[in-house]
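*Asks:* mind folding the following:
(2 chains)
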Amino acid sequence: MLKRHHLVSAIASTAACLAAAFAMPAAHAQSAPTFNVKIIGFNDFHGTLLSPGNFNSTTQGTGNSVATPTTPAASAVAAGGADYLAGFVARLKAQNPLNAVVGAGDFIGASPLVSALFHDEPTVEVMNRLGLEFNAVGNHEFDKGSVELLRLQKGGCATLSGGVADPNSCKGASVGTPTPFEGGKFKWLSANVYTTATGKTLLPPYGIKAFNGVKVAFIGMTLRDTPTIVTPTGVAGLEFRDEADTVNALVPRLRAQGVESIVVLVHQGGFQSGTNDINGCTGSLAGSAIAEVVARLDNAVDLVISGHTHTAYNCKLPNATGRLVPVTQAGAFGRVVSDIDLTIDPSTRDVVAVSATNRVVDRTDLATTPNAVVAGIVTAYNNLVSPIANTVIGSITQALVQANTFDAACNLPAGDLIADAQLAATAPVPFGGAQFAFMNRGGVRSPGFTFPSSAAGEGDGNVTYGEAFATQPFGNALVTITLTAKNIKDTLEQQFAGCRGQAATATRIMIPSSNFHYTWDGSQACDARIRNVTLSTGAGTETLVDGAGNLPDPLKTYRVTINNFLSTGGDGFSTFLAGTNLLGGAQDIDALVAYLANYKAPNPPYDSVAMTSLGAPRIARVNAPVPTTGCPTGAISNP
Amino acid sequence: MKRWPAVAARLVLALAFAVGGSARADPGGDFRALIEQGEQALRVDDAPAALRAYERAAALRHDAVAEWGLVRSWMQAGEYRRALAFSAHAAGAHVDVVEGAGLYAWLLHIGGQAVLAQQTLDDAARRQPGHPLLAATAARLRDPAALPDPHLLDGATRQAPYADIALPLQARMVSSGLLLPSGRHALVPAEAVAPNAALWVRDAQGHTVVARLVGVLSELGLAELLLDAPLHDAMPALLAAPRDAFPGSPQMAMEFAAPVDAAVTPMWPLLHTGFVGAWQAASDYALGIELAAAGPHGGPVFDRAGRLIGVARRGRDDRATLLAASALRGAWPQSFAAAEDATQMSPDAVYERAMTMVLQLIVLRP
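*Replies:* Just a heads-up that it's a prediction; the model follows:
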């Protein structure tokens, strides 16, 4: 911390002399050249993953251009958004491989729905990908209490009372992170926040990063008055100590580790007077809390990156010795970043010069490439915000299982419901004129339809759109095709491993709608396993395949609904390719929703037992071994 | 080498604070003046000026009033998403002034997030039980079509736009409607247009113009109106799904909800989410959404990609139905374009898109 200052006449003159005083012309006698480290700082992000709007800085020198820092800002530019913020940070980092990305607190809390609904996990995940390394805690980091803050730092899922998994936590797998919730890969720092029970800081007081062998320390703090502006339960069991005293006490400890370059990240700030110039310092933040903190700082501190007041400034304020220390703040909501170059003398390991420029994160700047990964995560979370997911679409009297062990003949209650829904959706002539439907059992995903209420609190027996979507997640479209009776028998014969081109290792028994019944016999040879195929319609019940396996009218045609996966030969059902007069229709999930609407209160719930009791099971099996192992899915068709 | 002579240090400190002190002669006065500037700009529908004033105020002081002003300015500019996002911040950052929670809750509610709106209010009520504005907002959430408490339409958290012109006290809002891309034509339920009545339409930002009946398509149950002045500059053709929606597919319906027999007020429209109901006949479906108010309806309905799938109208037994977009395309082909892009949009984005299309139909009967 070699801070040699020419005093001369600077004190008696004006700001130009103040700048000269800060310039710290070195009189070192070292041989190694100085080098620069780029510090990229911002503050008060508040989970603003989507652009918060135009930035209305109306004055000069806002440094929009990385190449020419004095380029004036447009009076109102579209600014911010996590994707552009990440892209802009990457652009700055590319200028100097010796860099650090840091924050001055309030990155979470008081945040928009896209972050808040998911406990600010999206913001943490985005900051990980932006490359944030150290972040001071701010008062809003304590909005939900220190336990929650520690969870966000360490990872893991939030729970509701009683230990129930919170449905709005750990969405990483569905937004592409892909960990359920990975926690912060950056370090939250809380030098002045102590746990009263242990007498230790809640989180590390500082972080150290080495550049060309020179250590730079980042001390992170929040304002001492945090308990006065946060819900008491949020700060219970914590003590918030004086900011300047905290830093000054750490200086000897850092020096003992060989650290001479010290950056303070503090969630405390001030305001300029009468200007919005993001690189100005009108009024020198006089009377502000941050000015008072800096005025008591040890001379060892080289740079202060501040926050809390949501404004931008680029100041040099006197420390305890009167030396002017750079003090920055970068507005709020990711619209501005502080681009700071530290010049370090390797022989003293100390900072000998600081150059800071606040820059607008301009979304119209073609030189900035938005981060596609971050954009994808934000979009995915935004889609999850939809209130549709927790909307009740119908109700059931008992669980509709998906398990293959349910029935040796391969009936599947969850598949029954889906097949019936698909027939109902496509029976009207404009939608296909279907007479029956087939559902592939592989398209019915676990766990089927559960009876107990989910964590969303919809109530026992109620089925939400989100639950239905979990069972039908593929977004398949329904397709109604025309097949002959012969085609239909061939299709049913193709269900068995090795038959009619079906894979030798897969048996795939489809689920028909409730008006279609058939019997299969796995002990027979290929093409001789299907019999007693009947179809019931308003016109009565007709036989497509009789008890001996013969077709009374092999060329008679039927309208059959399947999904587009099957219609293109999926699951080995090449026989569906013979279908004609294709008519595409609703998505499978739409059909399910429409069907379950008939079983939504005040209507009686869907009763799978009653549905079955209306007739024989849809699928019957004969000559199964005793005991059987259940519905076959593999190479052996008659296990 | 870190010690300056004490006298020099004192000089620097004195200089710095002297400069600051002189420049901050009346920061409170500046702030208040900017807040008043912003409010005045909102009253005269100058959203850019309001934004500038509130931005400058926010740079002087981290204050809830400035942030509420920004929220309302974005609403006046038709930027619902930014308003919603920032109102979340304003409510969360200034928990001691729960009026912000009321504004945030209402913005959530009108955007279809009724559950979260109620949670927001409940959280605020725990902090300040019995607060009259929270109670009034809660009542409005329960019945959005009822006359709101006057306090909700007053002050820095006003839960509505300003109207640009005053209408006769006897005028009534009778339905919602759809503004066509010309900005000069609108579709409204035919049953809502009384013969010889004076007509106005008003949009989500409180802009109001006189309208005249052009014709009625009785088979669709819609009337076409010609506006005396464009409500918006000409817009691109309305993006409609290339084919009619399927029963069970998610949908979002936007409309205004007002008491049947009360003086008209400017308001923000309500978005309702749900699923398309059963197909009934031709281009007619059950709407499948419980709307806030009974009546002829007339507002646009969208799919999850934000594409128009039809308009809501009153069906048999007063139940809302969906008149599919194919019928609209057939009657006004120049106003609609088929949009293949089915990329899902969030409800707030759909709300923002719909703000430019949905209208109040106001009638003064002779």
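
*Asks:* low-confidence ranges in the stretch 251-366 of chain B?
*Replies:* By pLDDT under 70, the stretch 251-366 of chain B contains no weakly predicted segment.

*Asks:* ok, now the stretch 401-550 of chain A?
*Replies:* Applying pLDDT under 70 to the stretch 401-550 of chain A flags residues A:404.

*Asks:* for it, which residues are neighbours of chain B?
*Replies:* Where the stretch 401-550 of chain A comes near chain B, counting by C-beta under 8 Å from any C-beta of the partner chain, the residues are A:425, A:428, A:430-431, A:465. (Glycine included, C-beta is placed from N, CA and C.)

*Asks:* who wins for neighbours among those residues?
*Replies:* When neighbours are taken as other C-beta atoms under 10 Å in any protein chain shown, the top entry among those is residue A:425 (30 neighbours).

*Asks:* and that one, helix, strand or coil?
*Replies:* Secondary structure state of residue A:425, per DSSP: H, G, I helix; E, B strand; the rest coil, is helix.

*Asks:* equivalent analysis for the one 5 residues further on, please.
*Replies:* Secondary structure for residue A:430, judged by three-state DSSP, is helix.

*Asks:* which residue is the nearest non-sequential neighbour of it?
*Replies:* Sequence neighbours aside, residue B:279 is the residue nearest to residue A:430 in space, at 7.5 Å (criterion: C-beta to C-beta, 6 or more residues apart in numbering or on different chains).

*Asks:* my guess is the one you found contacts residue A:428, does it?
*Replies:* Yes: with contact defined as C-beta atoms under 8 Å, residue B:279 counts as touching residue A:428 (6.0 Å).

*Asks:* partner strands of the longest strand seen in chain B, with direction?
*Replies:* Across chain B, the longest stretch assigned as strand under DSSP state E is strand B:208-217. Strand B:208-217 sits in its sheet next to strand B:198-202 (antiparallel), strand B:222-227 (antiparallel), going by DSSP bridges.

*Asks:* circling back to that earlier point, next up, phi/psi of the residue nearest to residue A:430, please.
*Replies:* Main-chain torsions, residue B:279, degrees, to the nearest 10: phi -70, psi 130.

*Asks:* how many neighbours does it have?
*Replies:* Should you count by other C-beta under 10 Å, residue B:279 turns out to have 21 residues around it.

*Asks:* could you do the one 5 residues further on as well?
*Replies:* As a burial measure, residue B:284 scores 16 neighbours (other C-beta under 10 Å).

*Asks:* contacts only, for it.
*Replies:* By C-beta atoms under 8 Å, 6 or more residues apart in numbering or on different chains, residue B:284 lies in contact with B:315, B:321-324.

*Asks:* in the stretch 201-350 of chain A, what residue comes closest to chain B?
*Replies:* Of the stretch 201-350 of chain A, the residue with the smallest distance to chain B, taken as C-beta to the nearest C-beta, is residue A:286 at 2.3 Å.

*Asks:* report how many residues lie close to that residue.
*Replies:* Residue A:286 has 22 neighbours, counted by other C-beta under 10 Å.

*Asks:* can you tell me how far it is from residue A:271?
*Replies:* Look at residue A:286 and residue A:271: by C-beta to C-beta, to the nearest Å, they are 10 Å apart.

*Asks:* tell me which residues touch residue 244, please.
*Replies:* All of this is about chain A. Contact criterion C-beta under 8 Å, 6+ apart gives A:293-297 as the residues in contact with residue A:244.

*Asks:* that was the other one, I meant chain B.
*Replies:* Residue B:244 is in contact with B:283, B:285, B:309-310, B:324-326, counting by C-beta under 8 Å, 6+ apart.

*Asks:* tally of neighbours for residue A:215?
*Replies:* By the criterion of other C-beta under 10 Å, residue A:215 has 16 neighbours.

*Asks:* part of a strand, is it?
*Replies:* Yes: according to three-state DSSP, the state of residue A:215 is that of a strand.

*Asks:* ok so, going back, make TSV out of the strands paired with strand B:208-217 and add distance to residue A:54.
*Replies:* TSV is the format used below for those (distance: least, C-beta to C-beta, whole Å):
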stretch	distance to residue A:54
strand B:198-202	27
strand B:222-227	30
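
*Asks:* out of these, which is closest to residue B:245?
*Replies:* Among those, the nearest to residue B:245 by C-beta to C-beta is strand B:222-227 (18.3 Å).

*Asks:* gap between the closest one and the chain center?
*Replies:* Centroid separation for strand B:222-227 versus its chain: 22 Å, with C-alpha atoms, centre = their mean, to the nearest Å.

*Asks:* I'd say residue B:48 and residue B:77 touch.
*Replies:* Yes: counting by C-beta under 8 Å, residue B:77 is a contact partner of residue B:48 at 7.4 Å.

*Asks:* those two: which has the busier surroundings?
*Replies:* Of the pair residue B:48 and residue B:77, residue B:77 is the one with more neighbours under other C-beta under 10 Å, namely 17 against 14.

*Asks:* residue A:46 versus the more buried one, what's the distance?
*Replies:* 21 Å.

*Asks:* before we move on, the earlier item: which one of the contacts of residue A:244 sits in the busiest neighbourhood?
*Replies:* When neighbours are taken as other C-beta under 10 Å, the top entry among these is residue A:294 (30 neighbours).

*Asks:* what residues are up against that residue?
*Replies:* Contacts for residue A:294 were tallied using C-beta under 8 Å, 6+ apart; they are A:244, A:304, A:317-319, A:325, A:327.

*Asks:* ok, now residue A:396?
*Replies:* For residue A:396, the contacting residues are A:449, A:451, A:461, A:463, A:599, A:605-608, by C-beta under 8 Å, 6+ apart.

*Asks:* can I have the buried ones of these as a ChimeraX selection?
*Replies:* Below is the selection syntax for ChimeraX that covers the buried ones among those, with 16 or more other C-beta atoms under 10 Å in any protein chain shown defining burial:
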select /A:449,461,463,599,605,606,608
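
*Asks:* out of the contacts of residue A:396, list just those in strands.
*Replies:* Within the contacts of residue A:396, membership in strands is found for residue A:463, as judged by DSSP E.

*Asks:* and which of the contacts of residue A:396 is nearest residue B:267?
*Replies:* residue A:463 (34.7 Å).

*Asks:* and that closest one, what does it touch?
*Replies:* Applying C-beta under 8 Å, 6+ apart, one finds that residue A:463 lies in contact with A:392-396, A:449, A:596.
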